[in-house]
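sequence first, then the predicted structure:
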Amino acid sequence: MCGIVGVVSNAPVNQLIYDALLLLQHRGQDAAGIVTQQERKFFMHKAKGMVRDVFRTRNMRSLPGNCGLGQVRYPTAGNAYSEEEAQPFYVNAPFGIVLVHNGNLTNAKALKAELFSTDHRHINTESDSEVLLNVLAHEIDKTTRGLPLQPADVFDAVRKVHSRVRGSYAVIALIAGHGVLAFRDPFGIRPLSLGRGDGTVVLASESVALEGTAHRFERNVAPGEAIFIDLNGTVHAQQCADHPVLNPCIFEFVYLARPDSVMDGISVYQARLNLGETLAKRVISTVPPNEIDVVIPIPESSRPSAAQLAQLLGLPYREGFVKNRYVGRTFIMPGQAVRKKSVRQKLNAIASEFKGRNVLLVDDSIVRGTTSREIVQMARDAGARKVYMASAAPPVRYPNVYGIDMPTSHELVAHDRTVEQIREIIGCDALIYQDVEAMKRAIGSLNPAITGFDASCFDGVYVTGDITATDIARLNADRPQHEEPLEDNSRLALPNHED
C-alpha cells in the first residue's frame, strides 16, 4: 500500500504534488518522492521520512516544470531501510521514463530473471516497482522501435505488460517529452482516480487528493484500463486487458483509505457506517445490550462503525481514548518492538469513561493482536469492570500478497485459532467479529456494479487465481525483514489507526 499522484498542467506542479502527497500521507510514512519535468529534463528529490520532512523549501525550488509524479511509500517488498528504494524510479531508455507504483507484484522474482536473461535490462534494487518500470520500458521500446511515440504505442505496451505481470498494481509513469501514463491491474485491486481543474489533469490513489487540492473528481481508472495524458492535457484512454473485472481490495474500505474518499463508487465513510450496522447484529447475538454501559471506539478508523453500532443498540457513545497525533501509524512501522512501544505513546485512556463500567471497545480490525491486548489492559487499568471487544472486520486469517504488510500466517492472531482462543490472547471478556459475507454485502450494496472484492486476508480466496502456498512462502522470503520471526503470542504486533 502506497499513495501515488501524477499531474499534467499549464502551471508549475511541484506545490500541487506536495499538497496531494500530504493528503495521501496515511498510505505510506516510510519515504516520499517527487519528480517533475521541464524541457525534457527530469528533476527528482526523494528520501526516507514523512512528506513534510523530506521536502524543504530548497528541495521544492529545485522541482520546476508543468508535469510530474509523486509517491508516499509503505514498504511490502525489498529493503525497507534502503533510501535507494524510495520512489519514483527512473530509466533513461526509451525516451526516459520515471514511475510510481502502488501494489505488489507476485511474480517479481521471475520477471527480474527474465529482464536480465532475455530483455538485457539491469535491476539495481530489490523493489518490484523497479522491475515493473523495466518491463514497461522494454515493451514501449519494442513497440516504438525508435519511432516517435503515439498513444496507440503506449496502449500496446501496457497490453503486453498485463500479459507479463501478475499481482496488484496501480501505476503512474512520466515519459520524457510526451506525457503521463497511468494504468491499473485487470482486477482493479489497488485504487486509482482521475480528476480535473483549470488547465490541470490529476491522477491519484484516492479522491481526497483531488478534492483536497481543489480539483473535480471525474472518474476511477477502470481495471485493466490505460490513460495517457499528453503535455497539452489531452486525455487518451483505452482498455488494455482481455478480461478485466473489478475486484477492489476490501481492506481499503475497512482500514486503509481515508473516510472522506470515494473509491470505485463507494463512499469509504458510508462503508464503515454499514459495517457498524451489521456488527451491531453480531453484538446482540453475543452480549445482551443491557450488559453494556458504553461504546468506545479505538481511534480513528473505527469511529463511524462504533457510532452507528451505538445508535442502533441505543447505547451511549463516548470517546474514551485520546490520541497523540504525532506518533505514526504502528501498522506500517518497521519493527515489532517499535509497534508495541508506540501503543501507549499513541493512546491514553480517559479514566472517567471506564471506571466501574462494562465497556464495548470497537476496532476496525484485529491483525496481529498486540495492540488489542494493550488497549484491553489500558481499559482495565482505567477501572473498567468488564471489557468487550468488537471488530468491524472479520478475523484476519490468511496472508495478503497484494500490497499489505501482513503476509506470514504466524503473525496473524486469528490464523488457525478459534474466536475463544483469540479472546484469551487479547484478554477481553467477550470478542465479537464481523461476518465475512455480511462485510461483503454491507460494502458491496453501495455499488451493485461491483460483483466481488479481494478479501483474501479474510476468506483465503486470491482473486488473481494464481497464488499457491509455494508462492506465499516465496513472497514471505522476499518481504522486508523488519524483525525476527514471531515465536509466541507475547510478540504479536497489530495495526494502529489512521490519522
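Yep, it's here. Residues are numbered from 1 along each chain as shown.

isn't Ala173 right up against Leu181?
Yes - the pair Ala173 and Leu181 passes the contact test of Cβ atoms under 8 Å, sitting 4.6 Å apart. No exception for glycine: its C-beta is placed from N, CA and C like everyone else's.

just checking, what packs against the lengthiest helix in the chain?
Longest helix in the chain by number of residues (criterion: DSSP state H): helix 268-286. The helices and strands touching helix 268-286, judged by 3 or more Cβ pairs under 8 Å, 6 or more residues apart in numbering; DSSP states H and E, are helix 303-313, strand 358-363, strand 386-391, strand 430-433, helix 436-444.

just want the phi and psi numbers for Leu203.
Note on Leu203: its backbone torsions stand at phi -120, psi 140 [degrees, to the nearest 10].

nearest residue to it other than its sequence neighbours?
In space, Leu203 comes closest to Gly6 once its chain neighbours are excluded; the distance is 4.3 Å by Cβ to Cβ, 6 or more residues apart in numbering.

then Val359?
Excluding its sequence neighbours, the residue lying closest to Val359 (Cβ to Cβ, 6+ apart) is Ala384, at 5.0 Å.

picking that back up, got the helices and strands packed on helix 268-286 as TSV, with distance to Val401 columns?
Output for those, formatted as TSV (distance: least, Cβ to Cβ, whole Å):
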stretch	distance to Val401
helix 303-313	26
strand 358-363	24
strand 386-391	22
strand 430-433	22
helix 436-444	18
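
possible to save the ones you listed as CSV with mean neighbour count and distance to Met263?
Converted to CSV, these look like this (neighbours: other Cβ atoms under 10 Å; distance: least, Cβ to Cβ, whole Å):
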stretch, mean neighbour count, distance to Met263
helix 303-313, 22, 15
strand 358-363, 25, 21
strand 386-391, 24, 21
strand 430-433, 22, 24
helix 436-444, 19, 10
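
which among the ones you listed is found nearest to Arg121?
Using Cβ to Cβ as the measure, helix 436-444 is the one of the helices and strands packed on helix 268-286 that comes nearest Arg121, at 40.2 Å.

between the closest one and helix 303-313, how many degrees?
Using axes from the mean of the first three to the mean of the last three Cα atoms, to 10 degrees, the direction of helix 436-444 lies 110 degrees away from that of helix 303-313.

give me the contact list for helix 436-444.
Residues lying outside helix 436-444 but in contact with it, judged by Cβ atoms under 8 Å, 6 or more residues apart in numbering, are 250, 253-254, 266, 271, 274-275, 277-278, 281-282, 393-394, 450, 452-453, 455, 458-459.

switch to 7 Å and redo it
In this structure, residues lying in contact with helix 436-444 by Cβ atoms under 7 Å, 6 or more residues apart in numbering are 250, 253, 266, 271, 274-275, 277-278, 393-394, 450, 453, 455, 458-459.

out of those residues, give me the one that has the most neighbours.
Phe253 (29 neighbours; other Cβ atoms under 10 Å).

secondary structure class for that residue?
The three-state label given to Phe253 by DSSP: H, G, I helix; E, B strand; the rest coil is helix.

now it: closest residue in space that isn't a chain neighbour?
Counting by Cβ to Cβ, 6+ apart, the residue nearest Phe253 is Ala271, at 4.2 Å.

likewise for Leu312?
Nearest residue to Leu312, sequence neighbours excluded (Cβ to Cβ, 6+ apart): Ala280, at 4.3 Å.

and if you look at Asp230?
If the residues on either side of it in the chain are set aside, Asp230 comes closest to Gly179, at 4.2 Å by Cβ to Cβ, 6+ apart.

for stretch 414-433, buried residues please.
By neighbour count, and taking 16 or more other Cβ atoms under 10 Å as the criterion, the buried residues in stretch 414-433 are 414, 417, 422-423, 425-433.

give the next helix or strand downstream of the helix or strand bottoming out on mean pLDDT in the chain.
One helix or strand of the chain scores below all others by mean pLDDT, DSSP states H and E: helix 336-346, with a mean of 64. Past helix 336-346, further along toward the C-terminus, the next helix or strand under DSSP states H and E is strand 347-349.

what helices and strands are in contact with that next one?
Based on contacts counted as 3 or more Cβ pairs under 7 Å, 6 or more residues apart in numbering; DSSP states H and E, the elements that strand 347-349 packs against are strand 321-323, helix 370-381.

and if we set it to 6 Å?
Contacting strand 347-349 under the criterion 3 or more Cβ pairs under 6 Å, 6 or more residues apart in numbering; DSSP states H and E are the following elements: strand 321-323.

bridging residues for Ala349?
Phe321 (DSSP bridges).

quick revisit: residues touching the residue nearest to Asp230, list them.
In this structure, Gly179 makes contact with Phe228, Ile229, Asp230, Leu231, judged by Cβ atoms under 6 Å, 6 or more residues apart in numbering.

any idea how far the closest residue to Val72 other than its chain neighbours is from Glu291?
Nearest in space to Val72, with sequence neighbours left out and distances taken as Cβ to Cβ, 6+ apart, is Gly28 at 3.8 Å. To Glu291, Gly28 is 41 Å away according to Cβ to Cβ, to the nearest Å.

which of these two has more residues huddled nearby?
Set Gly28 next to Glu291 and count neighbours by other Cβ under 10 Å: Gly28 wins out with 25 against 12.

ok, now which ones touch that one?
Under the criterion of Cβ under 6 Å, 6+ apart, the contact list for Gly28 reads Cys2, Gly3, Val72, Arg73, Tyr74.

in this protein, where is pLDDT below threshold?
Along the chain, the model assigns pLDDT under 70 to residues 76-81, 327-342, 406-407, 478-499.

how's the protein carved up into domains?
Domain assignment for the chain by automatic domain parsing gives 3-245, 267-465+487-491.

quick one: the last one to chain centroid distance?
A distance of 18 Å separates the centroid of the chain from that of domain 267-465+487-491, by Cα atoms, centre = their mean, to the nearest Å.

also the longest one?
Remark: domain 3-245 is offset 16 Å from the chain centroid, using Cα atoms, centre = their mean.

could you shift the numbering so residue one becomes 335, and keep it that way?
Sure, I'll start counting at 335 from here, so that last one is domain 337-579.

contacts for the one helix or strand Lys443 maps to, please.
Under the assignment given by DSSP H and E, the secondary-structure element containing Lys443 is helix 442-451. Identification of contacts with helix 442-451 by Cβ under 6 Å, 6+ apart yields Arg455, Ile457, Asp462, Val465, Asn468.

mind putting those in CSV, distance to Arg637 and secondary structure included?
Shown next, in CSV, are those (distance: Cβ to Cβ, whole Å; DSSP: H, G, I helix; E, B strand; the rest coil):
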residue, distance to Arg637, secondary structure
Arg455, 47, coil
Ile457, 43, coil
Asp462, 34, helix
Val465, 39, helix
Asn468, 43, helix
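
show me which of those is closest to Gln421.
Closest to Gln421 out of the contacts of helix 442-451 is Asp462 (11.1 Å), distances taken as Cβ to Cβ.

okay, now the closest one: neighbour count?
Neighbours of Asp462 (other Cβ under 10 Å): 28.

how much space separates it from Glu559?
Per Cβ to Cβ, Asp462 is found 21 Å from Glu559.

then Thr459 would be within a helix, right?
No - for Thr459, which was evaluated using three-state DSSP, the result is coil, with no helix membership.

thinking again about what came up before, who are the packing partners of the strand or helix carrying the residue nearest to Leu537?
Applying DSSP H and E as the criterion places Gly340 in strand 337-343. Under the contact definition 3+ Cβ pairs under 6 Å, 6+ apart, strand 337-343 sits against helix 348-357, strand 401-407, strand 534-538.
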